[in-house]
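[1] Prediction below, plus the sequence it came from.
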Amino acid sequence: MKLLKSHVFWFVVLGILIFVIDEQTSDPLDMIVVDAALERQVAALWASQIQRDPTEEEIESLVDDWVAEEIWRRESIRLSLDEEDEIIRRRMIQKMQFIAEQEAELAPTEEELRAYFEANHEKYEVPASISFEQLQFQSRDAATGALSAGESIADLAQPSMQSRMNARQSSLQVISTFGPEFTRSLNSFDVASNWQGPIQSAFGWHLVKVLEKNPSSVAPFLDIRATVLGDYTYESRLQAQADFIEQVRPNYDIVRKEE
Amino acid sequence: MNPRALTLSSALLLAACGSETETVQTVDVADADTSTVAEAPDNDAASDPGPTGSSGIQQGLLTIPNDIFSALPEKNATRTALFGDLHVHTTYSFDAFAFGTLATPYDAYRYALGDTIQHPAGFDMTLRVPLDFYAVTDHAMYLGVSRQAADPSSEIAGIMKLDYMENLNAPENLIPGGSPQRTSAFGSFLRDTAGLIADGTLSQDMVHDITRDAWKDTVAAAEQYNKPGEFTTFVAYEYTTSSADRGNLHRNVIFRDADKLPAVPFSRMHSRNPEDLWDWMDGLRDEGIESLAIPHNSNGSNGQMFKLVDWAGNPLDDDYSSQRIRNEPLIEITQIKGTSETHPLLSDNDEWADFEIMPYRIATTLYSEPSGSYAREALLNGLTFEDQGMENPFEFGFVGASDTHMAAIGDDESNFYGKTGLRDATPQLTGAVPLSAEEGERRLEDTPNQVREFDAGVYNTGSAITWGASGLAGVWAEENTRESIYNAFRRKETFATTGTRIKVRFFGGYGFTDSTLAAPDMLETAYSEGVSMGSDLLPDGDRAPRFIAWATQDALSAPLQRLQIIKGWTVDGEPHEQVFDVACSDGLAVDPQTHRCGDNGAQVNLEDCSISTDVGAAELKTVWVDPDFDPSVRAFYYARVLENPTCRWSTWDALREGYEPRPDFPTTIQERAYTSPIWFRPGTG
């Protein structure tokens, strides 16, 4: 029992105890640094919301709030609350994707953009269209008869609900107005300055003047440069993300577990 | 600015936090990063060959820009039918966002031009044929705020902290059906946002900034896609108000131009009283900003839309009526949420009145009272006002629209996308086919009032099954430009279809004969010697008016069955109405006693939705004289044209899934078009 009365003994025991506890819990103390940069940051945020600069006291209180929030944040990390949180997960993924995209060269040169356009013509196709005039008649004979009337041909036509002038219509548009039979016949005509037909629709017989036929074509690059740039940028970003994943995936061992 | 609009009602939702009395600011669109603004063609209004319009708006005639097509005439004086939709919601609407919609106003316009866009559930949506005009009409209240509240990295999400909004439309959350989050985003978002503003958590400035930016973007999208001569867009929005009993009082506000606009749209957050909206529009008009408002879903208004007292409960006076009709020359008569023409209880002698009737108040399953909710009755009441020497508040024309909440009108019965995104994304959700056995069992237990059980199983039975694949606005315009189309709205030279592209003309006059119909210059004659749909017909002694009614079918839909004229009149204050068949398909005659065409026998095969190919007409055309005409009696006339029957969308959906159509809803419909009325006004000659 002599030992229990020994100051040296207690000195050593307590010393070991403090060392062990300290080692296991709070060494080094979690440090929260408050510096001028932080003060400027909270003050600026405050000013943007309240529309004036904070006073010294207000800054002090803002910093206190910030410190409390920082403690909340670190305590939550201590409990690993960040690991199961879908919002945080998504936000971090977003940030990482953003970094990966930044590393890719996003602004293309004019040559690159043109090359992309050339390689993706099918995206920029303008469908075939036809421009034509039509006159409607009661019967095939009336239409045929009108063909010889020259200038006054329109005076012999009957009133039509459908437009006389039809500019740059796709086949589908013509079908929806005049029906498929008329559309087939119309498409069989070449561009000509004279009236052709008669051809039949659900509404009667028609003479048509085919003014213009535009085959399906690719829009001129300069007309749609902005669209092409948008598509290029979007695809480059996806490509950069894919490249990044491909690059770092070997660092991971993906273990699939049954049940 | 009218002082009444400035002293907004103290009942404002936001009054608690000092509702601002904002003077009108204008967005200079040229500054708003919209470098592609198309130059409006010069107004060449020197000559006006058109008919006498009933409105005071000058009919400006435009020249087609040279770069369209050199062979085109400068204008079509006898006007061309153009089709469009003036009621389209995108991701900026709080409810569309709650339904999973991510499509922007830009996507909406691309879709109208024929591009393919995505439904929130992931499938493609493409129009059969592109449209001629389109207007995005997002809900003004909290425009664009939902979208930001759902993005956890946005400033406002950090302040609002609405759990149900967090990542609502992230890819993994875009699942058909209504999750509790979606239900809250639709049902609680407005209330919660107003609450956060009221208790000071959320600054009104922040909401205002988001709304203003979303509105600017809406304007920029309209400007980007407006191509005079080819495709017209309108800057527009929806004013979404309702009565205390949840009667629907919604209106779409359409602006004629885009060079000068209000900085933010007037919403129910400014006032729930539509008369305040009209004050605001009048004030803008004084500053050169022309607009009109189009009420919709009067059918779901529980008698409020066309009631005979004003917001405060006083009888309608001339000031009210002239202000209303100045601002609201048109109404939507058909859209996805049902027909607003008339109701079987109001028109018991109209066998076609029972068409796509949606019996509920909007966004509820509460019954909507028919009286005061339908257009034909309101037109009749309008005559009664005139009989008493008063202004007519209901002298309106008709348009159709979709009210899609996915940026994309689905006007095709065989390919109907529904209206509420994820909430009605599958035939099980709409109720076209039965729920799965387990789901059916559960729903019978949990929500027995929202399902019905038949042999094939348990069917969802909410409002979605009562909806229709409708509709379109048709206009008769000289050319496809904002000015020409807007002037047609003002003249009310408009018609509505239930989705197909039926074209219909309607003229009233005194000199029309059968030979007028066949003459090559028939349209010139009709315009110069008569009036077109939407106009007043003045008396000519005791002569009976003669009407030209003329319709052609949509070549991609069914042929026409019959052409009708609907007459409404009053005798000693009593309203009367009569449906006259005036032209029949297949050489059938109208029975002079019943005023009905013989049966053309058109059939639909419910096994595959095929239709009779040997009956029906591509075109119906006639000159009609009212057999009961009395020169001393005030009356209106409008034309209605009916297609042969075709499968309803719910039948198409059932067929695709291998079910019989459900037994408690119509399996077929008759697509139709309605013209704006012509009013005969005795004693005004």
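    Cool, the structure landed.

[2] Please count neighbours and contacts with C-alpha atoms only from this point.
    Fine.

[3] Please work out how many residues are found near the residue of the stretch 301-450 of chain B found nearest chain A.
    Using Cα to the nearest Cα, the closest approach of the stretch 301-450 of chain B to chain A is made by B:Asp412 at 12.9 Å. Here the number of neighbours of B:Asp412 (other Cα atoms under 10 Å in any protein chain shown) works out to 20.

[4] for A:Gly197, same thing?
    The burial count for A:Gly197: 18, using other Cα under 10 Å.

[5] Sticking with the most centrally placed residue in chain A, tell me its helix or strand.
    For chain A, the residue nearest the mean C-alpha position is A:Tyr234 (6.9 Å; Cα atoms, centre = their mean). In this assignment (DSSP states H and E), A:Tyr234 forms part of helix A:225-248.

[6] which outside residues touch that helix?
    The contact list for helix A:225-248 (Cα atoms under 8 Å, 6 or more residues apart in numbering or on different chains) reads A:Gln97, A:Ala100, A:Glu101, A:Glu103, A:Ala104, A:Leu106, A:Ala107, A:Leu113, A:Tyr116, A:Phe117.

[7] do you know how far B:Ile465 is from chain A?
    For B:Ile465, the distance to chain A equals 28 Å [Cα to the nearest Cα, to the nearest Å].

[8] tell me the contacts of that residue?
    The contact partners of B:Ile465, by Cα under 8 Å, 6+ apart, come to B:Thr430, B:Gly431, B:Ala432, B:Ser650.

[9] Three-state assignment for the one residue in the stretch 101-250 of chain B that gets nearest to chain A, please.
    For the stretch 101-250 of chain B and chain A, the shortest gap (Cα to the nearest Cα) falls at B:Val129, measuring 6.0 Å. Three-state call for B:Val129 (DSSP: H, G, I helix; E, B strand; the rest coil): coil.

[10] Find the residue closest to it in space, skipping its chain neighbours.
    Spatial nearest neighbour of B:Val129, excluding adjacent residues (Cα to Cα, 6 or more residues apart in numbering or on different chains): A:Gln173 at 6.0 Å.

[11] would you say the one you found is within a strand?
    No. Inclusion of A:Gln173 in a strand is not indicated when three-state DSSP is applied; the result is helix.

[12] count of neighbours near it?
    18.

[13] same question, A:Gly204
    If you count neighbours by other Cα under 10 Å, A:Gly204 ends up with 19.

[14] cool, and B:Pro152?
    Neighbour count for B:Pro152, taken as other Cα under 10 Å: 20.

[15] need the contact list for the closest residue to chain A within the stretch 401-550 of chain B.
    Using Cα to the nearest Cα, the single residue of the stretch 401-550 of chain B nearest to chain A is B:Pro520, 4.7 Å away. Applying Cα under 8 Å, 6+ apart to B:Pro520 gives the contacts A:Ala154, A:Asp155, A:Leu156, A:Ala157, A:Gln158, A:Pro159.

[16] okay if I get the residues you listed as JSON lines plus distance to A:Glu56?
    Below are those laid out as JSON lines (distance: Cα to Cα, whole Å):
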{"residue": "A:Ala154", "distance to A:Glu56": "87"}
{"residue": "A:Asp155", "distance to A:Glu56": "89"}
{"residue": "A:Leu156", "distance to A:Glu56": "91"}
{"residue": "A:Ala157", "distance to A:Glu56": "88"}
{"residue": "A:Gln158", "distance to A:Glu56": "87"}
{"residue": "A:Pro159", "distance to A:Glu56": "84"}
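
[17] Is the helix ranked longest in chain B positioned near chain A?
    Longest helix of chain B, by residue count under DSSP state H: helix B:204-225. No. In terms of Cα under 8 Å from any Cα of the partner chain, no part of helix B:204-225 sits within range of chain A; the closest distance is 9.8 Å.

[18] packing partners for that helix?
    The contact analysis (3 or more Cα pairs under 8 Å, 6 or more residues apart in numbering or on different chains; DSSP states H and E) places helix B:204-225 against helix B:105-112, strand B:133-136, helix B:145-149, strand B:232-239.

[19] Let me know which of these is the nearest to B:Gln561.
    The closest of the helices and strands packed on helix B:204-225 to B:Gln561 is strand B:133-136. By Cα to Cα, the value is 28.0 Å.

[20] Give me the contact list for that closest one.
    With contact meaning Cα under 8 Å, 6+ apart, strand B:133-136 is reached by B:82-90, B:105, B:108-109, B:112, B:218, B:222, B:231-237, B:254, B:407, B:480.

[21] Quick check: neighbours of it in the sheet, parallel or antiparallel?
    Strand B:133-136 sits in its sheet next to strand B:80-88 (parallel), strand B:232-239 (parallel), going by DSSP bridges.

[22] Excluding sequence neighbours, find me the nearest residue to B:Gly177.
    The shortest distance from B:Gly177 to any non-neighbouring residue, by Cα to Cα, 6+ apart, is to B:Arg423 (4.7 Å).

[23] And stretch B:366-374, how far out from the chain middle?
    Counting by Cα atoms, centre = their mean, to the nearest Å, stretch B:366-374 is centred 18 Å from the centre of its parent chain.

[24] Ok, stretch B:320-339 next?
    Stretch B:320-339 sits 9 Å away from the centroid of its parent chain (Cα atoms, centre = their mean).

[25] What count of nearby residues applies to A:Glu258?
    Count around A:Glu258 with other Cα under 10 Å applied: 4.

[26] helix or strand for it, which one?
    Under DSSP H and E, no helix or strand contains A:Glu258.

[27] Around chain A, which positions in chain B sit nearby?
    The interface of chain B toward chain A, taken as Cα under 8 Å from any Cα, is made up of B:69, B:71-73, B:80, B:128-130, B:152-153, B:167, B:503, B:517-523, B:551-552, B:554-556, B:618-619.

[28] So which of those belong to strands?
    B:Thr80, B:Lys503, B:Ala551, B:Thr552, B:Glu619 (DSSP state E).

[29] Show me the two of those that sit farthest apart.
    B:Thr80 and B:Glu619 (16.5 Å).

[30] more neighbours, these two?
    Shown here are B:Thr80 and B:Glu619; by other Cα under 10 Å, B:Glu619 has more neighbours (25 against 21).

[31] Tell me what the more buried one is bridged to.
    When assigned by DSSP bridges, B:Glu619 has beta-bridge partners B:Thr552.

[32] pretty sure it contacts B:Asp554?
    No. Contact status for B:Glu619 versus B:Asp554: not in contact, 9.9 Å apart, counting by Cα atoms under 8 Å.

[33] do you know how far B:Pro393 is from A:Val42?
    Distance of B:Pro393 to A:Val42, computed by Cα to Cα, to the nearest Å: 58 Å.

[34] Out of the two, name the residue with the larger neighbour count.
    B:Pro393 (28 against 17).

[35] what about that one, which SS state?
    Assignment for B:Pro393 (three-state DSSP): coil.

[36] which residues touch it?
    Contact analysis of B:Pro393 by Cα under 8 Å, 6+ apart lists B:Tyr320, B:Ser321, B:Ser322, B:Arg324, B:Ile325, B:Gly382.

[37] Now a ChimeraX select for only the buried ones of these.
    With 16 or more other Cα atoms under 10 Å in any protein chain shown as the burial test, the buried ones among the contacts of B:Pro393 are selected in ChimeraX as follows:
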select /B:320,321,322,324,325,382
